[in-house]
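>>> Quick one: sequence plus predicted model below, questions after.
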Amino acid sequence: MPHTITISVPPDVAANPDSLRRAAAQALHRAERELGAVQLVRRSVDARRGKTLLQLKLNAYESGEQPPSPPLHFDYRNVANKPPVIIVGAGPAGLFAALKLLEKGLKPVILERGKEVKARKRDIAKLTREQAVDPNSGWCFGEGGAGTFSDGKLYTRAHKRGNVAHILQQLVQHGANPDILVEAHPHIGTDKLPGIVANIRKTICRCGGEYHFSARVVGIEVKNGAACGVTDERGVRYEGLAVALATGHSANDVYQLLEAQKWALEPKPFALGLRAEHPQELINEIQYHGKGYSPLLPATAYSLAAQVQGRGVFSFCMCPGGMIVPAATAPGELVVNGMSNSQRSSPYANAGIVAQVTLDDCYARHGMLGALAGLHLRQEVERAAWLAGGATQVAPAQRLTDFVRGKLSASLGKTSYIPGVATAPLHALLPEFVSRSLRQAFREFDKKMRGYLTAEAMLLAVESRTSSPVRIPRNAQTLQHLQIANLYPCGEGAGYAGGITSSAMDGAACAERIAEKYRTLL
Ligand SMILES: Cc1cc2nc3c(=O)[nH]c(=O)nc-3n(C[C@H](O)[C@H](O)[C@H](O)COP(=O)(O)OP(=O)(O)OC[C@H]3O[C@@H](n4cnc5c(N)ncnc54)[C@H](O)[C@@H]3O)c2cc1C
């Protein structure tokens, strides 16, 4: 049995295996020669006090002992001749539902409106450079879903909802850096994610699953109250034991499809705001207590929250060393989001800063639209941002200090956003309750991170896709839609997850329920 210890050491000690061994021996009051392998179990940055240290959880083995190899073997079965299950959407929820079906012995048939990840890259370049929005292929749609070209942050608070370690191990098995298994805040990076997503496809196809691209689902077939198949835009029908609906929260057409069928849908609180971008060096200096921080420390993140007259305002999807990207999914809208590469090496730090939007806020503006009231509020704000940017993907922008003062910026600073920015009064563009809350919250944030409220920081509109404004309600035990048996709404679009890891766990949970229901066929 190893001795498990937690030590805090300077970055240069953490980076050097010999120094680390020495530190472990000292912590255990043992001679170094008495120790065998010293294995890193968890790593986090501790910048709470004056000096920034790395907090390491270690397993120190006795001389001659070795740590067991990590459990990276998964039993994916050959499912070529097994009953099919339809999965609509190849985002994290859809892909991890498919991997779970392979483990259970059912055949996943994935229908994805977008393209293979390699072809998708070309559409993303077109959107970024030429501002051409393809409604089926871009930052949100296509193989791998919305998380494919992202920072690839993998931490989640939803530990009770599934097996986080299992998801991370599957990612490692498909090419992610094993460091994600030990980092307290693991991330993968936009340069690595496409390869991992393509490897997952290879696993699914090698085991006999099916993958269909450019197959936007426009109809769900129901017989005797149970979903039994779908039809895609080209009129092709696919039949299956069940349908997992993993279409993400940007697929407005899917919500409209369900609404047209009069199937249960619910409005859901969500969040709206802006993306803030600071120089990464400034954020490092604030978080690492001045200019003299170790070059071995990573580009640092931040997490901020404030209550403004009972309304929560919080930072979201912070991307250290990242870029702001155009994440619209239809012409006539402007949506920004953030990503970074694995090294987090850009000179910019960006984060969504959003205010909670309640059901009352949605009903006050679009009450007559019932379950889709929040979706319409989102669309209204995205369209206003598009118009304010000049009806292109140029983003309306403002200096942070001007936003707080309610003043148009006379000039704009540099940003990482490639389509470009145009000065606009963002304080007047957002709904008044969002604008007011954000302006007050930025003042509060500056008290927590001195120097955050600076004219060097830029704000870009609009950050509107933090979570789904609609829920597709399902039974808490069976995970089937409340009215339609064998229909499994899952992932972020169903309103039961937010982020890559929790969406992946939710997809896997739905696949497990499907396998339980049809265990006699396995
Ligand atoms: C730029 C960016 C950066 C992000 N960064 C992070 C991050 O660092 N960490 C994090 O945890 N989260 C991040 N997110 C959010 C994360 O990507 C989502 O939470 C997650 O992808 C949701 O997974 P999902 O499978 O539920 O849905 P999605 O990933 O949205 O996948 C849905 C899939 O369904 C397909 N689809 C939609 N409609 C249809 C249809 N009718 N027929 C067939 N297919 C359809 C879509 O093309 C898409 O591929 C980021 C998102 C973006 C856009």
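Nice, thanks for sending it over.

>>> tell me which parts of the stretch 151-300 of the chain are close to the ligand?
Counting by C-beta under 6 Å from any ligand atom, the stretch 151-300 of the chain comes close to the ligand at 151-153, 216-217, 246-248, 250-251, 254. In short, each C-beta sits where N, CA and C put it, glycine included.

>>> Tell me the one of those residues nearest the ligand?
Distance to the ligand, by C-beta to the nearest ligand atom, is smallest for residue 248 among those, at 2.1 Å.

>>> Pop out the phi and psi values for the closest one.
Backbone torsions of residue 248, given as degrees, to the nearest 10, read phi 80, psi 170.

>>> Could you give the number of residues near the closest residue to it other than its chain neighbours?
Nearest non-adjacent residue to residue 248, counting by C-beta to C-beta, 6 or more residues apart in numbering: residue 493, 4.5 Å away. Number of residues near residue 493 (other C-beta atoms under 10 Å) recorded here: 28.

>>> contacting residues for residue 493?
Residue 493 is in contact with 89, 93, 245-251, 254, 468, 472, counting by C-beta atoms under 8 Å, 6 or more residues apart in numbering.

>>> just how off-centre is stretch 41-52 within its chain?
Relative to its chain's centre, stretch 41-52 lies at 24 Å (C-alpha atoms, centre = their mean, to the nearest Å).

>>> now swap in stretch 380-390 and tell me
From the chain centre to the centre of stretch 380-390 is a distance of 24 Å (C-alpha atoms, centre = their mean).

>>> And the residues of the stretch 151-300 of the chain next to the ligand, which of them are buried?
By neighbour count, with 16 or more other C-beta atoms under 10 Å, these hold 151-153, 216-217, 246-248, 250-251, 254 as buried.

>>> wait, isn't residue 35 in contact with residue 61?
Yes: at 6.9 Å, residue 35 counts as touching residue 61 under the criterion of C-beta atoms under 8 Å.

>>> secondary structure class for residue 414?
Following DSSP: H, G, I helix; E, B strand; the rest coil, we place residue 414 in the coil state.

>>> Burial check on it, number of neighbours?
If we define neighbours as other C-beta under 10 Å, then residue 414 has 12 of them.

>>> For it, give me its contacts.
Neighbouring residues of residue 414 by C-beta under 8 Å, 6+ apart: residue 458.

>>> got it, and the one 3 residues further on?
Contacts of residue 417 were listed using C-beta under 8 Å, 6+ apart, and they are 277, 323-326, 336, 395, 460.

>>> Check these against residue 52 and report the nearest one.
Distance to residue 52 across the contacts of residue 417 (C-beta to C-beta) is lowest for residue 277, with 23.1 Å.

>>> Any chance of the backbone angles for the closest one?
When read as degrees, to the nearest 10, the backbone of residue 277 gives phi -130, psi 130.

>>> isn't residue 353 right up against residue 441?
Yes: at 7.1 Å, residue 353 and residue 441 qualify as touching, with contact defined as C-beta under 8 Å.

>>> Now do the shared contacts for the two.
When contacts are counted by C-beta under 8 Å, 6+ apart, residue 353 and residue 441 are jointly contacted by 304, 313.

>>> In three-state terms, label residue 318 for me.
Secondary structure, three-state DSSP: residue 318 is strand.

>>> heads up, I number from 238, so please use that
Shifting the count to begin at 238 puts that one at residue 555.

>>> Can you name the residues that contact residue 692?
636-639, 650.

>>> ugh, wrong one, residue 456
Residues in contact with residue 456, defined by C-beta under 8 Å, 6+ apart, are 467-468, 494.

>>> Residue 272 and residue 298: which has the busier surroundings?
Neighbour totals were compared for residue 272 and residue 298, and residue 272 leads with 20 against 17 (other C-beta under 10 Å).

>>> From residue 302, how far off is that one?
Counting by C-beta to C-beta, to the nearest Å, the gap from residue 272 to residue 302 is 9 Å.

>>> Show me what secondary structure element comes after the helix or strand bottoming out on mean pLDDT in the chain.
Averaged element by element with mean pLDDT, DSSP states H and E, the chain has its least confident helix or strand at helix 596-603 (a mean of 87). Downstream of helix 596-603, the first helix or strand assigned by DSSP states H and E is helix 610-625.

>>> which of the residues in stretch 653-672 are buried?
Going by neighbour count (16+ other C-beta under 10 Å), the buried part of stretch 653-672 is 653-654, 656, 658, 660-664, 666-668, 670-672.
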